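**Q** Structure for the following, please:
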Amino acid sequence: MEIAPRSPDESEKSPQSKELVTSRTGSTLCMSSRSESMWTSAPRSKWEIYHKPVIVVSVGAATFLFGMVITSLSCFLTKNKNVYKMCGPAFLSLGLMLLVCGLVWIPIIRKKQKQRQKSQFLQSLKSFFFN
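**A** Numbers count the residues shown, from 1 in each chain. Have a look, this model is predicted:
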């Protein structure tokens, strides 16, 4: 027959364990987690959902256009031609990279929103049938 281990009394606990028990770190982490806010938050507007990819697309498009202007300046201006030839393609590639990343980000967010709606629907069905 096995004997269950007895729990230490208050007097036997170390000061560190008392500190860990009274610490509210775990509850603070749970409150700030994203998974909890998914079920308790109110529906968000389209801007709140898509503002980051829209900003990335806008900055990418502006950088790409700036790169086009700088590259075209290397064709028309003879002074500082080498500088324009170096900086223009750099801004072009950076702008194109940001533009593509933002454009790919939007369908990913849409897919996540659909999955979130499905999981909320399934959760409400489960709670309806099992409660």
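
**Q** which other helices and strands contact the helix of greatest length in the chain?
**A** Counting by DSSP state H, the longest helix found in the chain is helix 81-130. For helix 81-130, the packing partners by 3 or more CB pairs under 8 Å, 6 or more residues apart in numbering; DSSP states H and E come out as helix 34-40, helix 46-76. From N, CA and C alone the C-beta is placed, and that goes for glycine too.

**Q** Please render these as TSV that adds mean neighbour count and distance to Ser93 to the earlier fields.
**A** Listed next are the helices and strands packed on helix 81-130 as TSV, based on neighbours: other CB atoms under 10 Å; distance: least, CB to CB, whole Å:
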stretch	mean neighbour count	distance to Ser93
helix 34-40	9	33
helix 46-76	15	8
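
**Q** Quick one: closest of those to Tyr84.
**A** Of all those, it is helix 46-76 that lies closest to Tyr84, at 3.5 Å by CB to CB.

**Q** What helices and strands are in contact with the closest one?
**A** Using 3+ CB pairs under 8 Å, 6+ apart as the contact test, the elements touching helix 46-76 are helix 81-130.

**Q** can you state the direction angle for the helix it packs on and helix 46-76?
**A** Following axes from the mean of the first three to the mean of the last three CA atoms, to 10 degrees, one obtains 160 degrees for the angle between helix 81-130 and helix 46-76.

**Q** average model confidence for helix 81-130?
**A** Helix 81-130 shows a mean pLDDT of 89.

**Q** picking that back up, now the weakest link among the helices and strands packed on helix 81-130, please, by mean pLDDT.
**A** helix 34-40 (a mean of 51).

**Q** ok, and what's touching stretch 66-73?
**A** 84-85, 87-95 (CB atoms under 8 Å, 6 or more residues apart in numbering).

**Q** Can I get those residues in CSV including neighbour count and distance to Gln123?
**A** Listed next are those as CSV, based on neighbours: other CB atoms under 10 Å; distance: CB to CB, whole Å:
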residue, neighbour count, distance to Gln123
Tyr84, 19, 57
Lys85, 14, 58
Cys87, 17, 53
Gly88, 20, 52
Pro89, 14, 51
Ala90, 13, 49
Phe91, 19, 47
Leu92, 18, 47
Ser93, 13, 44
Leu94, 16, 42
Gly95, 20, 42
